[in-house]
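Asks: with the sequence up front, the predicted model follows.
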Amino acid sequence: TEVSAVGPVRPTTAEPIAWIPSNPEPGLVRLLDDLGLERRVGHAHPLPVAIIDLPDYDSVEFEHRATVEALVPRVDAVIWVLDPQKYSDRALHRDYLVPLAGYAGQFLFVLNQVDRLDEPGLAAVLDDLTSQLISEGFDHDRILTAAARPVGGEAQGIDRLVGEIGERCESLRTALAERGE
């Protein structure tokens, strides 16, 4: 289901949009209100998660980056979607990821559009990306691969991504229960 518009012209996402359970808990509603996230779309997925599509960090619109910087420290996890063309962009790493390395445990990286690479090319990109992230303080080198909209084929890696989100959700739920929250 398309929740947030995609397109070849950037920026596509001008303001955050939250994909939340159709019957959200009051605490989630309060949190989204506190974060100033007004655009919300309900889902009936069994995972009780809220996923927020943020504007591009490197948008030509300064407000977009400010929005991302304000929200990242306040969320449980960040799924950073990269592509083979821009995964090693100096501005991404120097200006954004390195300063956020203190939140490394919250990050999951997804290399999308892997259908555009042959097997040796994919291996080379994954090796390079892993090395970069580790050198920048992301000691967990958790990188998933996907092809969300491959040309002439079925999506790849989405089930694994959903599984990873489910595991993180369950881990967080367990940690909160152990703390009595």
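Replies: Good, I have the coordinates. Residues are numbered from 1 along each chain as shown.
Asks: surely residue 97 touches residue 136?
Replies: Yes - at 5.7 Å, residue 97 counts as touching residue 136 under the criterion of CB atoms under 8 Å. From N, CA and C alone the C-beta is placed, and that goes for glycine too.
Asks: which of these two has more neighbours?
Replies: Legend: neighbour count by other CB atoms under 10 Å for residue 97 and residue 136, higher for residue 97 (22 against 16).
Asks: contacting residues for the more buried one?
Replies: Residues near residue 97 by CB atoms under 8 Å, 6 or more residues apart in numbering: 80, 133, 136, 138.
Asks: ok, the third one - contacts?
Replies: By that I understand residue 136. 93, 97, 98, 101.
Asks: helix/strand/coil for the third one?
Replies: Read that as residue 98. What DSSP: H, G, I helix; E, B strand; the rest coil gives for residue 98 is helix.
Asks: most neighbours of all the contacts of residue 136, which one?
Replies: In terms of neighbours by other CB under 10 Å, the contacts of residue 136 top out with residue 97 at 22 neighbours.
Asks: could you point out the longest helix of the protein?
Replies: Longest helix in the chain by number of residues, with DSSP state H as the criterion: helix 158-178.
Asks: how distant is it from the center of its chain?
Replies: Helix 158-178 has its C-alpha centroid displaced from the chain centroid by 14 Å (CA atoms, centre = their mean, to the nearest Å).
Asks: what residues of that helix count as buried?
Replies: For helix 158-178, a neighbour-count test (16 or more other CB atoms under 10 Å) marks 161, 164, 165, 168 as buried.
Asks: how close does the residue nearest to the spatial centre of the chain get to residue 120?
Replies: Nearest to the geometric centre of the chain sits residue 79, at 1.9 Å (CA atoms, centre = their mean). From residue 79 across to residue 120, the span is 26 Å (CB to CB, to the nearest Å).
Asks: for this structure, name the helix or strand with the lowest mean pLDDT.
Replies: Every helix and strand of the chain was ranked by mean pLDDT, DSSP states H and E. The lowest is helix 62-71, at a mean of 74.
Asks: run a quick neighbour tally on residue 80.
Replies: So residue 80, with other CB under 10 Å, has 20 neighbours.
Asks: residue 24 contacts residue 49, doesn't it?
Replies: No - the criterion here is CB under 8 Å, and residue 24 misses it with residue 49 at 10.6 Å.
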